[in-house]
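Student: coordinates only, no sequence provided:
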């Protein structure tokens, strides 16, 4: 029972969040509160104004001296609620429509939300005090304290202070204005139960909403991680074969309206098995990562590089002629040849062979043909001594 009590009265910390994620949840809660308050405040503006004009004023005009004093109090409180509601509605409506909430002012809007809600709760509690003279009811206090806990997401620490202040004011006005001991006792008991219920309800609603947002963030984070693992080669960090093919299908096939020719270049690290056998597989992994970094750093933004498997890489030179692709590939080959790869104080010289082919019509069938042509060119580069670039002959 004690454990359950603690869980309700303290925000669960089972989910670890980054500062950015926490700020995102905080912003979401503030905006949610403003949207909900915007609806509630718009209703209060109309309702409290009508109540003041058509009820309180009539009672003041038609009542006795004592009644006039009482209903003047009602009038002041109803107008105060209407004024606070109007100001709050204007501020929150503007902030939502113009998307003003950001990291720098989020605390300000949190304070404004709690201030508006706190003032309205206090005014309604004072109205409950006047009700002790007229009707003896505490419906206004009970309904609004429970409703606020159900609808508005209030931080536990803020809620403790806000509800405690409201409850203390409730006790004072009940004792001051209710002179019937039986009704006084009943209202004190019922008001206390409503206060406790609202306290528990508010904490439950806030914690539940917070955890829901946190779990969604973690789920989205996990999905992005899985997507990354699915799309990228874990060793080199560049796209894998599956992502390369999927990207061609999704973004490139059948999208080239001007029939621009692109080119593909297949690269294979020369004597990679010898590197593994001589320096060890960790050295081989190091070379793969370094080569991937070189390739990624020497292509354009529209181009794409991927690890196709083993020591084989592929580059798509988008909207690039075979001649220009040859120049770019030769530049990459030269950079690799001149690179000094230092693995655990061992200098490893690496060269690579390339086969290039043009990619004409941007169809899946055309890519398969281009890949086969580039692969044959790569074989030719290996056969002719390695560390060279060969152009594939595209046969129609």
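Tutor: Perfect, I can see it now. Quick caveat, the model's predicted, so the values are computed rather than measured.
Student: if I pick residue 377, what's in contact with it?
Tutor: In this structure, residue 377 makes contact with 266, 354-357, 390-393, judged by C-beta atoms under 8 Å, 6 or more residues apart in numbering. Glycine gets a C-beta too; all of them are placed from N, C-alpha and C.
Student: from those, which is closest to residue 150?
Tutor: In terms of C-beta to C-beta, no member of the contacts of residue 377 lies closer to residue 150 than residue 266, at 63.3 Å.
Student: just the pLDDT at the closest one, thanks.
Tutor: At residue 266 the predicted local distance difference test score is 97.
Student: could you say what helices and strands the strand or helix carrying it packs with?
Tutor: Element membership for residue 266 (DSSP states H and E) is strand 262-269. Under the contact criterion of 3 or more C-beta pairs under 8 Å, 6 or more residues apart in numbering; DSSP states H and E, the helices and strands touching strand 262-269 comprise helix 281-297, strand 312-317, helix 322-338, strand 352-359, helix 364-383.
Student: same for the shortest one, what does it pack against?
Tutor: Which is strand 312-317. The helices and strands touching strand 312-317, judged by 3+ C-beta pairs under 8 Å, 6+ apart, are strand 262-269, helix 281-297, strand 304-309, helix 322-338.
Student: ok, that strand: who's next to it in the sheet?
Tutor: Sheet pairing of strand 312-317 (DSSP bridges) gives strand 262-269 (antiparallel), strand 304-309 (antiparallel).
Student: mind checking which of the helices and strands packed on strand 312-317 is nearest residue 62?
Tutor: Proximity of the helices and strands packed on strand 312-317 to residue 62 was assessed by C-beta to C-beta; the nearest stretch is strand 304-309, lying at 82.6 Å.
Student: quick one, that closest one and helix 281-297 angle?
Tutor: With axes from the mean of the first three to the mean of the last three C-alpha atoms, to 10 degrees defining the directions, strand 304-309 sits at 160 degrees from helix 281-297.
Student: run the chain-centre distance for the lengthiest helix in the chain.
Tutor: Secondary structure assigned by DSSP state H gives helix 181-231 as the longest helix of the chain. What separates the centre of helix 181-231 from the centre of its chain is 19 Å, taken as C-alpha atoms, centre = their mean, to the nearest Å.
Student: who does it touch, helix- and strand-wise?
Tutor: Using 3+ C-beta pairs under 8 Å, 6+ apart as the contact criterion, the secondary-structure elements in contact with helix 181-231 are helix 2-9, helix 19-51, helix 139-151, helix 156-177, helix 241-247.
Student: closest one to residue 133 among those helices?
Tutor: Between residue 133 and these, the tightest spacing by C-beta to C-beta is seen for helix 156-177, at 5.5 Å.
Student: name the residues that touch the closest one?
Tutor: Under the criterion C-beta under 8 Å, 6+ apart, residues 9-11, 114, 117-118, 121-122, 125-126, 128-130, 132-133, 138, 141, 145, 149, 154, 184, 187-188, 191-192, 195, 198-199, 202-203, 206-207 lie in contact with helix 156-177.
Student: any low-confidence regions in the stretch 101-250 of the chain?
Tutor: Regions of the stretch 101-250 of the chain meeting the criterion pLDDT under 70 are absent.
Student: how does it look with 80?
Tutor: Within the stretch 101-250 of the chain, the stretches with pLDDT under 80 are 249-250.
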